[in-house]
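K.L.:
Sharing a model that was predicted from the sequence below.
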Amino acid sequence: MKFLRIYLGEGDHCDGTPVYKHIVKLCYDHGIKGVTVLKGIMGFGEKHHVHRVDFFTLSEDLPIVVEIVDSSDKIEKIIEEVKKCNFDGLVVYWDVESIRIEKNK
Amino acid sequence: MKFLRIYLGEGDHCDGTPVYKHIVKLCYDHGIKGVTVLKGIMGFGEKHHVHRVDFFTLSEDLPIVVEIVDSSDKIEKIIEEVKKCNFDGLVVYWDVESIRIEKNK
Amino acid sequence: MKFLRIYLGEGDHCDGTPVYKHIVKLCYDHGIKGVTVLKGIMGFGEKHHVHRVDFFTLSEDLPIVVEIVDSSDKIEKIIEEVKKCNFDGLVVYWDVESIRIEKNK
């Protein structure tokens, strides 16, 4: 299994929708088993180096992390789809072991 | 060292206690060195595919991630204990390097 | 690329500044491409075993995670700088693949 993390800003939009919501919908439509969206309290990305004025005003556009765990081929598919969105972001991924826990009926 | 992440829902309970609090207690009782609980702002898991009605009402039961870093044998022990809780979740783990930072006395 | 995560407490300070803000500034000054700070809702660290009184009052000093993705040499440099701060924390890191996503001009 692969662990995928996509970094973006809360204010990034794609066709009028926040990019992170767009990605959650994308994952849902592609049958990804689970997605988690985390919101940071502070951060900066590559492009913010240029735009920021005062160091601690960086937090206006808070960082968002979208996390996905699935098979390599599903993750590759999602990366291809995410690349089509028009935003500045970072995608990282690595191998993990996974165990599903199921509730007794 | 192993990095362990457990995904579950904020509303999942185990013996009347939220599952994430149960796991933190479990880790504490097993002498795990550190635990961090993160709460997502959106997400879905495998079982939510069936239960949800409208796509963006998914966020009612917010995703929780419990993170633990410890030795392989401690992590294995925790996974065995977590499996005994009755909830739908996902466990992922991978190898990491680690360095402890200590405050001067 | 390396993925670096630094665990600390919200209340940890270094020269009068919260440690996590100090680290963000440090990363910025060292030309790190991106940093994300996440705040947990619960947790404990090694030293809290000694200090805590009641189990569920642990959450007073909430856990903070600082995440950085960059080249091995940049990450090593940051770890060296972080070690100079006077706090109790944990640093973990591992290898990842990464892809930068760029907005069309």
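P.N.:
Good, I have the coordinates. Numbers count the residues shown, from 1 in each chain, chains lettered A, B, ... in the order given.

K.L.:
could you point out which element follows the helix or strand bottoming out on mean pLDDT in chain A?
P.N.:
Taking mean pLDDT, DSSP states H and E as the measure, chain A has helix A:48-51 as its least confident helix or strand, at a mean of 44. Downstream of helix A:48-51, the first helix or strand assigned by DSSP states H and E is strand A:63-70.

K.L.:
Given that next one, what are its sheet partners and their directions?
P.N.:
Paired strands of strand A:63-70, with direction, are strand A:2-9 (antiparallel), strand A:35-39 (antiparallel) (DSSP bridges).

K.L.:
ok, then the element right after that strand?
P.N.:
Next in sequence after strand A:63-70, counting helices and strands by DSSP H and E, comes helix A:72-83.

K.L.:
what mean pLDDT does the very next helix or strand once past that next one have?
P.N.:
Using DSSP H and E, the helix or strand that follows helix A:72-83 towards the C-terminus is strand A:89-95. Confidence over strand A:89-95, taken as the mean pLDDT, stands at 96.

K.L.:
mind listing what A:H22 touches?
P.N.:
A:H22 is in contact with A:14-15, A:85, counting by C-beta atoms under 8 Å, 6 or more residues apart in numbering or on different chains. The way it works is simple: take the backbone N, C-alpha and C, and place the C-beta from them, glycine included.

K.L.:
Which of those are buried, as a ChimeraX select command?
P.N.:
A single ChimeraX command selects the buried members of the contacts of A:H22 (16 or more other C-beta atoms under 10 Å in any protein chain shown):
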select /A:14,85
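
K.L.:
Would you reformat the contacts of A:H22 as TSV and include distance to C:E10?
P.N.:
TSV is the format used below for those (distance: C-beta to C-beta, whole Å):
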residue	distance to C:E10
A:C14	33
A:D15	37
A:C85	33
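
K.L.:
Considering the contacts of A:H22, which is situated nearest to B:C27?
P.N.:
Nearest to B:C27 among the contacts of A:H22: A:C85, at 37.5 Å, using C-beta to C-beta.

K.L.:
Might one say that that closest one is in contact with A:C14?
P.N.:
Yes - here A:C85 reaches A:C14: they are 4.1 Å apart, a contact under C-beta atoms under 8 Å.

K.L.:
Next one: the closest residue to A:K33 other than its chain neighbours from B:D88, what distance?
P.N.:
What sits nearest to A:K33 in space, not counting adjacent residues and going by C-beta to C-beta, 6 or more residues apart in numbering or on different chains, is B:E46, at 4.8 Å. According to C-beta to C-beta, to the nearest Å, B:E46 and B:D88 sit 7 Å apart.

K.L.:
List the beta-bridge partners for the residue nearest to A:I6 when sequence neighbours are not counted.
P.N.:
Counting by C-beta to C-beta, 6+ apart, A:I6 lies nearest to A:V66, which is 4.4 Å off, once chain neighbours are set aside. Assessed by DSSP bridges, A:V66 has beta-bridge partners A:I6, A:V37.

K.L.:
and A:V66, what is it in contact with?
P.N.:
Residues near A:V66 by C-beta under 8 Å, 6+ apart: A:5-6, A:8, A:20, A:23-24, A:35-37.

K.L.:
if we go to 6 Å?
P.N.:
Each residue near A:V66 by C-beta atoms under 6 Å, 6 or more residues apart in numbering or on different chains is listed here: A:6, A:20, A:23, A:37.

K.L.:
quick one: which of these is nearest chain B?
P.N.:
Within those, distances to chain B taken as C-beta to the nearest C-beta reach their minimum at A:V37, with 4.2 Å.

K.L.:
If I follow the layout properly, the closest one ends up in contact with B:K39?
P.N.:
No - using C-beta atoms under 6 Å, A:V37 makes no contact with B:K39, being 10.6 Å away.

K.L.:
more neighbours, these two?
P.N.:
More crowded of A:V37 and B:K39, by other C-beta atoms under 10 Å in any protein chain shown: A:V37, with 22 against 18.

K.L.:
nearest spatial neighbour of A:C27, skipping sequence neighbours?
P.N.:
A:V35 (4.7 Å).

K.L.:
Could you give the number of residues near the one you found?
P.N.:
A:V35: 29 neighbours (other C-beta under 10 Å).

K.L.:
surely it meets A:I23?
P.N.:
No - judged on C-beta under 6 Å, A:V35 makes no contact with A:I23 at a distance of 7.7 Å.

K.L.:
Please, which helix or strand holds A:Y28?
P.N.:
helix A:19-29.

K.L.:
CA atoms of that helix as PDB?
P.N.:
Output of helix A:19-29 as PDB, limited to C-alpha atoms (Å, rounded to 0.1, in the frame of the first residue of the first chain):
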ATOM      1  CA  VAL A  19      -9.000  22.300  -4.100                       C
ATOM      2  CA  TYR A  20      -9.200  20.000  -1.000                       C
ATOM      3  CA  LYS A  21     -12.900  19.400  -1.400                       C
ATOM      4  CA  HIS A  22     -12.300  18.800  -5.100                       C
ATOM      5  CA  ILE A  23      -9.700  16.100  -4.200                       C
ATOM      6  CA  VAL A  24     -12.000  14.400  -1.700                       C
ATOM      7  CA  LYS A  25     -14.700  14.200  -4.300                       C
ATOM      8  CA  LEU A  26     -12.200  12.900  -6.900                       C
ATOM      9  CA  CYS A  27     -11.100  10.200  -4.400                       C
ATOM     10  CA  TYR A  28     -14.700   9.300  -3.700                       C
ATOM     11  CA  ASP A  29     -15.500   9.000  -7.400                       C
END
